[in-house]
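J.: Let me see the structure of the following:
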Amino acid sequence: MARQFCWVLLVALPLLSQTTATENEKARDELKQGVEAFKNAYYSGAVEHFKRAIELDPNFLKARLYLASTYSSQYVPGIDSEENNRMAEAAVKAFQQALVYDPSNIVALKSLGFLVFSQKHFDEATKWNHRLMELNPEDKEAYYNIAVIDWTKAFQLDSEARKKTGMRPEDPGPIKDKQVREQIKKKNEAVIKDGIEMSRNALGIDPNYDDAMGYLSLLYRQQADIADTPEEAKKLTLQADEWMQKTLDLKKRKTGYIP
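T.: Numbering: from 1, shown residues only. The predicted model follows:
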């Protein structure tokens with residue numbers, strides 16, 4: 001899901017201004033100057049131009065999306081600092097404001113999903129991706145993103161359980177200690193099942209979606225860790241291995257690599 005949204009994604013968006021010709025012209029000029037500042041990495045200047053464009057024309061959706069994308073472009077996922085978090089929050093607020101004017105805007109919805117996921121607001125990230133699915137049931141990335149979120153939510157508990165029971169990452173499931181396994185199962189079972197379903201939905205749309213294959217493999221491996229018996233865990237691990245091999249084979253074909 002770690003994708004950046006830059007100005008080129010927004011160039012083709014239509015102008016939605018309903019102001020007078022003079023105000024519209026001034027707003028367009030501010031937008032143009034803001035784009036030039038953005039292209040030159042002069043982000044503070046870009047922000048001011050886009051803000052002025054919005055002041056001149058509050059309905060100027062394109063300016064709102066540029067403003068949000070300017071904040072987003074300055075955010076670095078994984079860096080916990082006051083300034084970085086401020087940029088993320090500013091981007092989230094600006095994209096949410098854009099949705100007030102266009103509730104079905106795909107750029108805003110995808111950007112929000114990425115930003116809140118990067119901030120580890122997993123339930124909120126799931127919400128935005130469900131909005132995308134409602135707008136376009138054939139959006140494979142929305143299903144894939146939720147699968148990634150589900151795996152991420154389950155991963156920490158699964159890793160802690162393995163560490164607690166002395167299991168290495170490469171050791172096959174299930175979790176050795178039954179009590180620990182049952183505790184993890186109560187929290188992770190529904191999440192993992194949802195992730196598997198979402199991965200399969202993405203593959204139903206695009207059978208050659210190698211990233212979805214990869215996460216399907218990882219989710220089956222998580223499911224093996226909470227299996228009730230070693231036999232059930234072995235079957236799930238075999239499924240995980242099969243999907244991982246399919247992923248690797250497909251990636252090789254796509255890159256033209258032949259061993």
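J.: Point out where the stretch 101-250 of the chain drops to low pLDDT.
T.: Scanning the stretch 101-250 of the chain for pLDDT under 70 picks out no residues.
J.: if you set the cut-off to 90 instead, what comes out?
T.: The model of the stretch 101-250 of the chain has pLDDT under 90 over residues 169-170.
J.: so where do the helices sit in it?
T.: For the stretch 101-250 of the chain, the helices defined by DSSP state H, counting those that start in this stretch cover 106-118, 122-135, 140-164, 178-205, 210-225, 230-255.
J.: Now tabulate those in CSV and tack on distance to residue 38 and mean neighbour count.
T.: Glycine gets a C-beta too; all of them are placed from N, C-alpha and C. As requested, the helices of the stretch 101-250 of the chain are exported to CSV (distance: least, C-beta to C-beta, whole Å; neighbours: other C-beta atoms under 10 Å):
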stretch, distance to residue 38, mean neighbour count
helix 106-118, 15, 23
helix 122-135, 24, 18
helix 140-164, 25, 21
helix 178-205, 32, 18
helix 210-225, 29, 24
helix 230-255, 33, 15
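J.: could I get those as JSON lines with distance to residue 77?
T.: Formatted as JSON lines, the helices of the stretch 101-250 of the chain follow (distance: least, C-beta to C-beta, whole Å):
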{"stretch": "helix 106-118", "distance to residue 77": "4"}
{"stretch": "helix 122-135", "distance to residue 77": "12"}
{"stretch": "helix 140-164", "distance to residue 77": "13"}
{"stretch": "helix 178-205", "distance to residue 77": "21"}
{"stretch": "helix 210-225", "distance to residue 77": "17"}
{"stretch": "helix 230-255", "distance to residue 77": "24"}
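J.: So which of those is nearest residue 30?
T.: Distance to residue 30, taken as C-beta to C-beta, is lowest for helix 106-118 among the helices of the stretch 101-250 of the chain, at 19.9 Å.
J.: Which residues in stretch 54-74 does the neighbour count mark as buried?
T.: Within stretch 54-74, the residues that qualify as buried are 54, 56-58, 60-74, counting by 16 or more other C-beta atoms under 10 Å.
J.: what mean pLDDT does that stretch have?
T.: Stretch 54-74 shows a mean pLDDT of 95.
J.: one step back: out of the helices of the stretch 101-250 of the chain, which is closest to residue 79?
T.: Among these, the nearest to residue 79 by C-beta to C-beta is helix 106-118 (9.8 Å).
J.: send the alpha carbons of the closest one over as PDB?
T.: Taking Å, rounded to 0.1, in the frame of the first residue of the first chain, the C-alpha atoms of helix 106-118 are listed here in PDB:
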ATOM      1  CA  ILE A 106     -11.000   8.100  -6.100                       C
ATOM      2  CA  VAL A 107      -7.700  10.000  -5.600                       C
ATOM      3  CA  ALA A 108      -8.800  11.300  -2.200                       C
ATOM      4  CA  LEU A 109     -10.100   7.900  -1.100                       C
ATOM      5  CA  LYS A 110      -7.000   6.000  -2.100                       C
ATOM      6  CA  SER A 111      -4.800   8.600  -0.600                       C
ATOM      7  CA  LEU A 112      -6.700   8.500   2.700                       C
ATOM      8  CA  GLY A 113      -6.400   4.700   2.800                       C
ATOM      9  CA  PHE A 114      -2.600   4.900   2.300                       C
ATOM     10  CA  LEU A 115      -2.100   7.700   4.900                       C
ATOM     11  CA  VAL A 116      -4.100   6.200   7.700                       C
ATOM     12  CA  PHE A 117      -2.600   2.800   7.100                       C
ATOM     13  CA  SER A 118       0.900   4.300   7.300                       C
END
